[in-house]
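>>> Please find the sequence and the predicted model below.
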Amino acid sequence: MRRSIDDARDDHPVDEERPAVSWMVGLSDDPEASDDGSPRVSLTLEEEGRAGFGIVAQLAPDTARRLRAAVAAALREIGEAPGD
């Protein structure tokens, strides 16, 4: 099973030193993504226009929750509501 949940491009101004970056969050039950074959949340970051050359993180549920908490904390730090 592979399923895309959401994807977009990041929000920084693009210039020669900082190319546009795309991100994608999905699900994967690739047996090579975990020791026990359990499903993982996948996070892919890649330079826009260079599909297949990015970095894919396969996150266990606890790690995905830790990432979610870190993003929420960063939003609170800049005065934004973390949302759901």
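Cool, got the structure. Numbers count the residues shown, from 1 in each chain.

>>> residues making contact with the strand or helix carrying residue 6?
Using DSSP states H and E, residue 6 sits within strand 2-9. The contact list for strand 2-9 (Cβ atoms under 8 Å, 6 or more residues apart in numbering) reads 20, 21, 22, 23, 24, 25, 26, 27, 28, 29, 30, 48. Bear in mind the C-beta positions are built from the backbone N, C-alpha and C, glycine included.

>>> what's the average pLDDT for it?
The predicted model assigns strand 2-9 a mean pLDDT of 91.

>>> Identify the farthest-apart pair in the contacts of strand 2-9.
Distances among those were taken as Cβ to Cβ; the most separated pair is 20 and 29, at 30.0 Å.

>>> follow-up on the earlier one: and the next element down the chain from the strand holding residue 6?
As assigned by DSSP H and E, the chain's next helix or strand after strand 2-9 is strand 21-28.

>>> coming back round to it: which strands border the strand holding residue 6, and is each parallel or antiparallel?
strand 21-28 (antiparallel) (DSSP bridges).

>>> What mean pLDDT does the partner strand get?
94.

>>> in it, what counts as buried?
Going by neighbour count (16 or more other Cβ atoms under 10 Å), the buried part of strand 21-28 is 21, 22, 24, 25, 26, 28.

>>> The next helix or strand after that strand to strand 21-28, inter-axis angle?
Next helix or strand after strand 21-28 toward the C-terminus (DSSP H and E): strand 40-47. Our comparison of strand 40-47 with strand 21-28, counting by axes from the mean of the first three to the mean of the last three Cα atoms, to 10 degrees, yields an angle of 160 degrees.
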